[in-house]
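Asks: A predicted structure for the sequence below; I have some questions about it.
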Amino acid sequence: MIRPFVCAILLLVSTSLANAQQSMPLIDSQQELGGWTFDNGKEFPGAVGSLELKQAEQPTLVLHGDFSQGGMYVQAARRLPDVPIDTVSFEVNVPRGVEKLTTRLIDGTGQCHQLNIRLGDKGGWQQFTFPVARYFASLEAGAPLDIVSGYEKWSGANDGRWHQPGKLLVFLAGREALSEGSISFRNVLLQPTPPKVEIAKSIRLDELGEEGTGAWQYNNGNEFPGAKGSLSIVRGPSDGKQALRLSADFNGGGRYVGTRNSLAAFDAKLTTAIELQVRSDEVKEFSLRLVDSSNQTHQRHGLKVIADGQWHPMTIDPEKIAGGEHWGGANDGQWHGAVKLIEVMLNGRSSDSPSMALDLGDIRISAIVEGQRSLHAWKEDFEGDNVNWSGEGDTSTLSQLTLRRSLEDLQQPTVATSPRFPIQGGTWEFTYRWQSKLHSPDNSFHGAVAIKTFDEGGKPLATYPLAIGYGESDWASISTLVKFPPAAKTAQWDVRLNKTYGEFSIDDLSTTRLVVQPAEPSVESIRIASTAVGNLFYPGDPIEFQVTVPTSKTLDMRDRQLSLEVRDYRGDVVARPSEVLLNPVDGKRQREYQARVTLSADTLNVGQFYELHLSIPQGEGDPVTEFSGFAILPEAASKQYRPEQIPFTIRNWDSRIGDYFYLADRLGLRMMGVWGGWSNRPPYKPYLPGLELVQKLDAKWVTGTPCSRVEDEGFKNITEESLSQGMTNFLEEYADEGLAMIALGNEPHGKGQVVLDNVKAYKAVYEAVKAFDPKIHVIGTSVEPNDEYFQAGYQDYLDSYDFHIYEHYTNVRRTMAEYRELMQKYDAVKPIHSTELGLNSQGQARLAVATELIKKCTVFFAEGGETVSWFTIMYPDKDGNARGQFGDAHCVFDCKFNNYNPRLDAVTYYHLINSLGVKKFREEKQHPDGTQEFLFVDDQGACLKVVWNDEGKKVVDLDVAADAKVDVICIDGLRKRIDADRALVSIEVSKEPVLVLYQQPRPESE
């Protein structure tokens, strides 16, 4: 049953629109091979195969492949119709044991999304529907659907987002899938995104709240002084509803008073009627002022009221209000579109008495909302003479905006900003094209495009990142939606180079406000918090969450029901606690609701990662949803040891933030990166923010030095004396306060004199350290294996080497091998650290991040590495705008609204740190089936084996101690106990690494 007056929705869909939504077959029996093409994966030579079309009960594609002579895969590909895609569905026949189908979707920018679609392992025909738009939306929101076991992307926009329309659909098959020679496809269908339609909506305007008069404002008509009046709340015509009372007193003069409501945020295209009930004892008539979509004001007097103290319904047609008194806007006396403002007015003619009151209840409008974008609010194609951008550094606006920076000018800021243009609250679409030729070792070296917003007075508000471009890429298109708050009145584009050099260009910029929006959503956000650090509870703690819901209006009682689900890392529901009721919070200036959510610890496993998912209804619209990760974790076992015994360090986007230290400590990190340094002017006063917190947490710290500034800007503001004396002053102040190590620099770039200047800086600092205390360990700057640095002698001014890697884990081993070659060449063999291992995580499922975290750290230690830091922990996101952006994607904690909660990889990181502890690498085994096994042992015989298989699921026998109690920790922290009755234990391994813990018996001599 449709609820009265609550956004009743009518879809006005024509026959042609309905037909346009029908599924489109992608196997055409009238075309050769059904319209598909075959390829044998030429970049990996050796594979042979074919594609055939069988005309059975329905057209069926059969993909054949043979890898006896090499090769990696064969494929079948089909160009897609030029329509936006909602879903792609198909039936596939694969051999028993095959659990994935590798699929590529090429989007409108040319970006290739490669997805391993999860299948059942029983073989035979299986039906699958891939919701393209919904999957990528979930990926961007940080909660990917449980239908994909692996994701990669490249080319085009290269941002991990889906850009309509799709261009190409590809099915790939390798050795495993083609173990029986072929796989088959049939009933391959594309479901287009439903076309935009007109929606008739009834929108209530009498949601007044517990206090105040809601969106209705009182107008005293001060252009004609003397009147007095007020606006208050009274009981409405319906039970439980409130109404407005407009009171007026013209004894002292004046012409009118009124109450008004702005409806501009509703984005209606047409208002067909205004409905309300009126009541008064003395008012016989009132005046009405309406502003239409052209900003034309229409005013009518003499709308009749029955003055009998009873409620009476009224229906007002805006078109019948037009035609009389009018001004502004189109100024033609004709009604245009939707009501943007409504004002009910009382005047001297409204009653025989100069004092009067009119009650207004059950106020609502009937409107049509069109599913289309508005005209361009602002655009820029960099043609003509009116391009008025501001720039710093080398920027040009000739036919396109281009930012250039050379390696030599790396320290020069390079930024371009557009003129400010007017905006208003609501959802906006930003589109542009970009290309780049940038030096990008990882995606933090990039060109960034963002939107800055300002309030009515020009005060800066929030900055909204749109996207980044890095590396070398041809022209690609970006389309991004941003929701602005009502306070935002102007905006400007901001384009800049971060850390990198080269060229970055954008063109064809467009800013459009989306008209396809409901009335202003009642729920502004859902904020989930707990008293546990990082939502990591200790065993025995109550599992409680505080849910806070700011709203723009009062919630109906039926919309205050908070639905709950607890899910595991796969997205499977493991618990559905009872719904809880949101209660209004008293004393708040803005409307706010809260609820306390308590989960039963009896249904949750200690050590395992979970997500709490919440849902709040919004009338008949889509519910508002939010989620938060959590886990129950014992105190970190690493805290039983001295900080320097644990081979993990940590550095952060900003290592001065208090929450960073507590989150790192909760995971078990004992050596924490800090931003220590000193003034570059005499007397070179040292500073060390965060020291008190490090000491409070019984940790030690690793500091950088101003050498990193020399790397960025040369000796522009720094001298050798300031480096040497400043380092000495720093050590005199802080060396005995928990110093673990000193890291000289961070990711230097450049050649020739730049290298020589950098080495000069390292020498000044290193010699000052050794003069103060030769035992202090100095880590060299984090640079790739670089012969030029060795030629310049930088190896003489460090105790260990450092490098950063964001590529595949196999590149960790390659880089360390290259370092060893240079050490031998220059007779400078020293340990290797990595102060940053990481992954370009944007667009990747957290499972991929967690998997790479374990593999990278494991092979680092297997190659003889000393200490490692995974990048990174967190960065504050007070306004909740950063989720899904490249910087946020690096963080193992979700930082939305600064309610820090763990992602899957945070819990994985905890288990890796505390399972490894003080164990040292002993050996590795490469099994014939592709299983990789790495053994770590401590001096008490405690063993850790890290095991995975990149080729798929395998059952492998691992050597353990006879009669050992074996614990297997899965990637989400789920712990399984296996009692070994012999010196071998069989476990299932896959691409997701497992941690295997057991105890070796100590030799009798001990």
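Replies: Thanks, I have it.
Asks: for residue 754, see how far away residue 716 is.
Replies: 12 Å (C-beta to C-beta, to the nearest Å). Quick note: C-beta positions are derived from backbone N, CA and C, even for glycine.
Asks: swap in residue 120?
Replies: Note on residue 120: its distance to residue 754, by C-beta to C-beta, is 57 Å.
Asks: more crowded one of residue 716 and residue 754?
Replies: With neighbours defined as other C-beta atoms under 10 Å, residue 716 and residue 754 compare such that residue 754 has more, 18 against 9.
Asks: point me to the helix or strand that includes that one.
Replies: When elements are assigned from DSSP states H and E, residue 754 belongs to helix 753-772.
Asks: identify the residues contacting that helix?
Replies: With contact meaning C-beta atoms under 8 Å, 6 or more residues apart in numbering, helix 753-772 is reached by 407-408, 705-707, 710-711, 714-715, 718, 720, 723-725, 727-728, 731-732, 735, 742, 744-745, 748, 750, 776, 778, 780-781, 788-789, 792-794, 796-798.
Asks: so who does residue 802 touch?
Replies: Here residue 802 is in contact with 743, 779, 780, 781, 782, 783, 832, 833, 834, 835 (C-beta under 8 Å, 6+ apart).
Asks: does residue 864 touch residue 816 like I think?
Replies: Yes: assessed by C-beta atoms under 8 Å, residue 864 is found in contact with residue 816 at 7.2 Å.
Asks: next, show the common contact partners of those two.
Replies: Common neighbours of residue 864 and residue 816 (C-beta under 8 Å, 6+ apart) are residue 832.
Asks: ok, these two, which is more surrounded?
Replies: Neighbours around residue 864 and residue 816, counted as other C-beta under 10 Å, are more numerous at residue 816. The numbers are 22 against 11.
Asks: is that one part of a helix or strand, or is it coil?
Replies: Classification of residue 816 using DSSP: H, G, I helix; E, B strand; the rest coil returns helix.
Asks: quick one: contacts for residue 74?
Replies: 38, 39, 40, 41, 47, 49, 63, 64, 65, 172, 173, 178.
Asks: report the buried members of those.
Replies: Among these, those classed as buried by 16 or more other C-beta atoms under 10 Å are 38, 40, 41, 47, 49, 63, 64, 65, 172, 173, 178.
Asks: distance of the third one from residue 172?
Replies: Residue 41 sits at a distance of 8 Å from residue 172 (criterion: C-beta to C-beta).
Asks: find the residues that touch each one of those two.
Replies: Taking C-beta under 8 Å, 6+ apart as the criterion, residue 41 and residue 172 both touch 73, 74, 75.
Asks: among those residues, name the ones in strands.
Replies: 74, 75 (DSSP state E).
Asks: a markdown table please, covering the shared contacts of residue 41 and residue 172 and showing distance to residue 193 and pLDDT.
Replies: Shown next, in a markdown table, are the shared contacts of residue 41 and residue 172 (distance: C-beta to C-beta, whole Å; pLDDT from 0 to 100):
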| residue | distance to residue 193 | pLDDT |
| --- | --- | --- |
| 73 | 30 | 95 |
| 74 | 31 | 96 |
| 75 | 26 | 96 |
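Asks: turn the shared contacts of residue 41 and residue 172 into CSV, including distance to residue 83.
Replies: Shown next, in CSV, are the shared contacts of residue 41 and residue 172 (distance: C-beta to C-beta, whole Å):
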residue, distance to residue 83
73, 28
74, 28
75, 23
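Asks: and of the shared contacts of residue 41 and residue 172, the nearest to residue 29?
Replies: residue 75 (20.9 Å; C-beta to C-beta).
Asks: what helix or strand is the closest residue in space to residue 397 that isn't next to it in sequence on?
Replies: In space, and not counting its chain neighbours, residue 397 is closest to residue 387: 4.5 Å by C-beta to C-beta, 6 or more residues apart in numbering. Under DSSP H and E, no helix or strand contains residue 387.
Asks: distance of the residue nearest to residue 777 when sequence neighbours are not counted from residue 936?
Replies: Once flanking residues are discounted, residue 777 sits nearest to residue 741: 4.6 Å by C-beta to C-beta, 6+ apart. Plainly put, residue 741 is 22 Å away from residue 936 if you go by C-beta to C-beta.
Asks: repeat that for residue 625.
Replies: 41 Å.
Asks: who has more neighbours, those two?
Replies: residue 936 (22 against 15).
Asks: in space, what's closest to the more buried one - neighbours in sequence excluded?
Replies: Nearest one to residue 936, counting by C-beta to C-beta, 6+ apart, is residue 919 at 3.8 Å.
Asks: run through the residues that contact the one you found.
Replies: Listed by C-beta under 8 Å, 6+ apart, the contact set of residue 919 reads 936, 937, 938, 942, 943, 944.
Asks: show the pLDDT at it.
Replies: If you check residue 919, the pLDDT there is 98.
Asks: and residue 150, by the same measure?
Replies: So residue 150 comes in at 74 (pLDDT).
Asks: how many other residues sit next to it?
Replies: Around residue 150 there are 17 residues (other C-beta under 10 Å).
Asks: ok, it - contacts?
Replies: Residue 150 is in contact with 100, 114, 115, 116, 848, 991, counting by C-beta under 8 Å, 6+ apart.
Asks: confirm it sits in a strand?
Replies: Yes: according to three-state DSSP, residue 150 belongs to a strand.
Asks: just the buried members of the contacts of helix 753-772?
Replies: Buried members of the contacts of helix 753-772, counted by 16+ other C-beta under 10 Å: 705-707, 710-711, 714, 718, 723-725, 727-728, 731, 742, 744-745, 748, 750, 776, 778, 780-781, 789, 792, 794, 797-798.
Asks: how about residue 857, phi and psi?
Replies: Residue 857 has phi and psi values of phi -70, psi -40 when expressed as degrees, to the nearest 10.
Asks: thinking it is in contact with residue 839, fair?
Replies: No: the pair residue 857 / residue 839 is not scored as a contact, 11.7 Å apart, by C-beta under 8 Å.
Asks: how about residue 855, secondary structure?
Replies: Per three-state DSSP, the local secondary structure of residue 855 is helix.
Asks: need the contact list for the nearest residue to it once chain neighbours are set aside.
Replies: Nearest residue to residue 855, sequence neighbours excluded (C-beta to C-beta, 6+ apart): residue 809, at 4.0 Å. Shown in contact with residue 809 (C-beta under 8 Å, 6+ apart): 852, 855, 856, 859.
Asks: what's the burial count for the first one?
Replies: In other words, residue 852. Count around residue 852 with other C-beta under 10 Å applied: 24.
Asks: what comes up buried for the helix or strand harbouring residue 859?
Replies: Using DSSP H and E, residue 859 sits in helix 846-862. Neighbour-count burial for helix 846-862, with 16+ other C-beta under 10 Å as criterion, is recorded at 846-862.
Asks: quick one on the thing from earlier: show me what contacts the residue nearest to residue 777?
Replies: Listed by C-beta under 8 Å, 6+ apart, the contact set of residue 741 reads 649, 671, 702, 776, 777, 778, 779, 867.
Asks: was I right to think the first one contacts residue 702?
Replies: Yes: if you go by C-beta under 8 Å, residue 649 and residue 702 touch, sitting 5.4 Å apart.
Asks: overlap of the contact sets of these two?
Replies: 671, 672, 673, 740, 741, 835.
Asks: listing partners with orientation, what would you give for the helix or strand hosting the last one?
Replies: If you go by DSSP H and E, residue 835 is part of strand 832-837. Applying DSSP bridges to the sheet, strand 832-837 is found paired with strand 800-805 (parallel), strand 868-870 (parallel).
Asks: buried ones in the last one?
Replies: Of the residues in strand 868-870, 868, 869, 870 count as buried by neighbour count, 16+ other C-beta under 10 Å.
Asks: centroid-nearest residue for the protein?
Replies: The centre of the chain sits closest to residue 884, judged by C-alpha atoms, centre = their mean, with a distance of 1.5 Å.
Asks: doesn't residue 136 make contact with that residue?
Replies: No: using C-beta under 8 Å, residue 884 makes no contact with residue 136, being 10.6 Å away.
Asks: please, where are all the helices along the stretch 1-150 of the chain?
Replies: 15-20, 132-140 (DSSP state H, counting those that start in this stretch).
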